[in-house]
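A.B. asks: Okay, predicted coordinates and the sequence, questions at the end:
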Amino acid sequence: MKSIIEQKPPGDFIALEANTLNRSKLQCLSTEVMQWTSDIWILDVSAFKSYWEKESRARSLSLMALWRKILNRVFGTTVDQAGKIISFTAAYRAVSANNPWLAVLLLYQMRNRDSWGLVAEKSRFGLSLLNDMEWDSWWLAIEQIEKHFHQLKFKHFKRPLFRRQKHRLALAANRLVFKYPRDMKVLNYDGVKNRYGITLAKLWRMTYGPVSKRYQTDFPWQSWRFHFNPSVHSDMDYPLFDWQQMAPVLISDLDRLATKLEHSGERITQIDWQIRLVDMTELIIPITFRNPHNLYIEKGAHTTTLLQAEYGFKERMQLLLSKQQTEIFDFGAQAVTSWQLKVSKSMVMQAIIVDIFGEVTQKDSDQEILSQLENELPVVLNQYEHSCDWMPEDSFFSSDDRSALNTEVPDSETEFLFEGAAVQRPLYILNQPQPLEKPAVSQTVFTESSLNKWWLKGKISDFERNYYRCIDPDGKAIWVFCDSHGKWYQHGVFG
């Protein structure tokens, strides 16, 4: 059954030309896949963006380079009958964009140019595709999205009215001598809405609207469901009352489920745990993983899955208890009599993807340990990246900060200078510098000087900082600076 996702926030989508229903290929980057046409698919990789970013860092690759290598291996090789690889030429088309509509638009334009491989929306080539987009690409995409709106019976969408509005837009573009769709940028959302309807206005905004509003719209997303849902069922010999009784039975059932996935290359992202209680109440508890999880590798213990199952079970039972209206709670009615474990979401990782360079990933590597830890915890880990900036408080950012990820990287010479300065800086930096009494000269060692970003703060008189390594009264090595007014602040702590 296909599901409808009415709203898609800013994310990461890949439109892929692939005339196949092979799920081991189409789900190589994400579990969420939509069939746009018979030979075009859209992959929603938003939920796995952080996972692929960690993988790219571990391999010293950019995110696009990693995705390109994966797609090249899955779709872009020619193999003879003996299994020998003849060519690694990219035999596919794909576009990565922040909304699905723009991804398919650019893919149609790639077809017009007879271009191949993976293209990023914000790359020079991607911007060129958007700027030089032809009306053929625009109307092909419009025609197809019309079918999806109609199929899903989208709210406020009336097909006869939409076709009349579409015809009026085509006539207006011809009369106004709009040679390319980009010429419509002179319009605005309200103008398009008033003349050609809300649907075309939303499509205009997704294409040419301000970046901050480009994603505030509906898209007719239809998740394609492949016929792959391995499951196991258990009827209990006696009712189970607490977690200690359930855990051994769960391990046994997870072993059975893992055996079904042994040679499939599956990495699980969600298992639906359907529980039936003595009073015939049915609960569905999603067991989710932040990173694709290899169920078979933990056979016999399933520590990670048990932790996520326990979090979900206890949270759901607390909710059930809070709804109990009687003064005397009947614990017997909450005992478990049967359950089913069903794989609802998974990503197919072939051996060639897991080991993209022909090397076996170390089981105890930092990357593997971090991914495992994230799957075991009930909360998201905060991760930080370094950035090339002379201001200490701006020299790092959260991996979830998209604006920081899109900043321009300085050239290698400048980056080398920043790295040299970082050697003298402490491991721990305070979010806000703390006022400090002037330290004794004998306790300070000069490290560097820097300028404040006065053009952002508007305080021209307060623009200089002189940094020192200092020993505080407790004997700790701290990082301090003196500003242009002679005031002292603590900005960090050495390890």
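C.D. replies: Yes, it's here.

A.B. asks: Now Ala172. Nearest residue, chain neighbours left out?
C.D. replies: Arg195 (7.4 Å; CB to CB, 6 or more residues apart in numbering). From N, CA and C alone the C-beta is placed, and that goes for glycine too.

A.B. asks: Any buried residues in stretch 304-314, and which?
C.D. replies: Of the residues in stretch 304-314, Thr304, Thr305, Leu306, Gln308, Ala309, Glu310, Tyr311, Gly312, Phe313 count as buried by neighbour count, 16 or more other CB atoms under 10 Å.

A.B. asks: contacting residues for the third one?
C.D. replies: For Leu306, the contacting residues are Ala247, Leu250, Ile251, taking CB atoms under 8 Å, 6 or more residues apart in numbering as the criterion.

A.B. asks: Which member of these is positioned nearest Lys179?
C.D. replies: Nearest to Lys179 among the contacts of Leu306: Leu250, at 63.6 Å, using CB to CB.

A.B. asks: what is the mean pLDDT for stretch 105-119?
C.D. replies: Average pLDDT, stretch 105-119: 90.

A.B. asks: ends of that stretch, how far apart?
C.D. replies: 12 Å (CA to CA, to the nearest Å).

A.B. asks: Which residue ranges make up the domains of this structure?
C.D. replies: Per automatic domain parsing, the domain ranges recorded for the chain read 3-223, 231-376, 386-493.

A.B. asks: Please pull up the helix or strand immediately following the biggest helix by length in the chain.
C.D. replies: The longest helix of the chain (DSSP state H) is helix 303-322. Downstream of helix 303-322, the first helix or strand assigned by DSSP states H and E is strand 336-348.

A.B. asks: Show me what counts as buried in that following strand.
C.D. replies: Val336, Thr337, Trp339, Leu341, Lys342, Val343, Ser344, Lys345, Ser346, Met347, Val348.

A.B. asks: and the angle from that strand to helix 303-322?
C.D. replies: Here strand 336-348 points in a direction 130 degrees away from that of helix 303-322 (axes from the mean of the first three to the mean of the last three CA atoms, to 10 degrees).

A.B. asks: Please renumber the chain so that the first residue is 27 from this point on.
C.D. replies: All set: I'll call the first residue 27, so the last point we hit is now strand 362-374.

A.B. asks: Show me where the stretch 327-476 of the chain dips below the pLDDT cut-off.
C.D. replies: Within the stretch 327-476 of the chain, the stretches with pLDDT under 70 are 346-359, 376-398, 404-415, 422-449.

A.B. asks: and of the buried residues of strand 362-374, the nearest to Leu55?
C.D. replies: Met373 (7.6 Å).

A.B. asks: Confirm for me that the closest one is in contact with Pro318.
C.D. replies: Yes - if you go by CB atoms under 8 Å, Met373 and Pro318 touch, sitting 4.7 Å apart.

A.B. asks: helix/strand/coil for the residue of the chain most remote from its centre?
C.D. replies: Largest separation from the mean C-alpha position in the chain: Ser468, at 50.8 Å (CA atoms, centre = their mean). Classification of Ser468 by DSSP: H, G, I helix; E, B strand; the rest coil places it in helix.

A.B. asks: Tell me which stretches of the stretch 27-176 of the chain form strands.
C.D. replies: 29-33, 39-43, 58-63, 66-70, 104-105, 111-113, 119-123, 143-146 (DSSP state E, counting those that start in this stretch).

A.B. asks: Could you tell me the least trusted of those strands?
C.D. replies: strand 29-33 has the lowest average pLDDT among those, namely a mean of 40.

A.B. asks: In three-state terms, label the residue nearest to Ala198 for me.
C.D. replies: Following three-state DSSP, we place Arg221 in the helix state.

A.B. asks: tell me the contacts of it?
C.D. replies: By CB under 8 Å, 6+ apart, Arg221 lies in contact with Arg194, Leu195, Ala198.

A.B. asks: circling back to that earlier point, nearest to Trp514, of the buried residues of stretch 330-340?
C.D. replies: Using CB to CB, those come closest to Trp514 at Tyr337, 46.6 Å.

A.B. asks: how about the helices in the stretch 77-226 of the chain?
C.D. replies: For the stretch 77-226 of the chain, the helices defined by DSSP state H, counting those that start in this stretch occupy 89-101, 126-139, 150-157, 161-177, 185-201, 215-222, 224-234.

A.B. asks: Dump the last one to PDB, keeping only the CA atoms.
C.D. replies: This points to helix 224-234. Backbone C-alpha positions of helix 224-234 (Å, rounded to 0.1, in the frame of the first residue of the first chain) are rendered in PDB as follows:
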ATOM      1  CA  ILE A 224      -2.300  27.900  -6.000                       C
ATOM      2  CA  THR A 225      -0.800  24.600  -7.400                       C
ATOM      3  CA  LEU A 226       1.300  26.300 -10.100                       C
ATOM      4  CA  ALA A 227       2.200  29.000  -7.600                       C
ATOM      5  CA  LYS A 228       3.600  26.300  -5.200                       C
ATOM      6  CA  LEU A 229       5.500  24.700  -8.100                       C
ATOM      7  CA  TRP A 230       6.900  28.200  -9.000                       C
ATOM      8  CA  ARG A 231       8.000  28.700  -5.400                       C
ATOM      9  CA  MET A 232       9.700  25.300  -5.200                       C
ATOM     10  CA  THR A 233      11.600  26.200  -8.400                       C
ATOM     11  CA  TYR A 234      12.400  30.000  -8.200                       C
END
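
A.B. asks: That's all I had, so thanks and see you.
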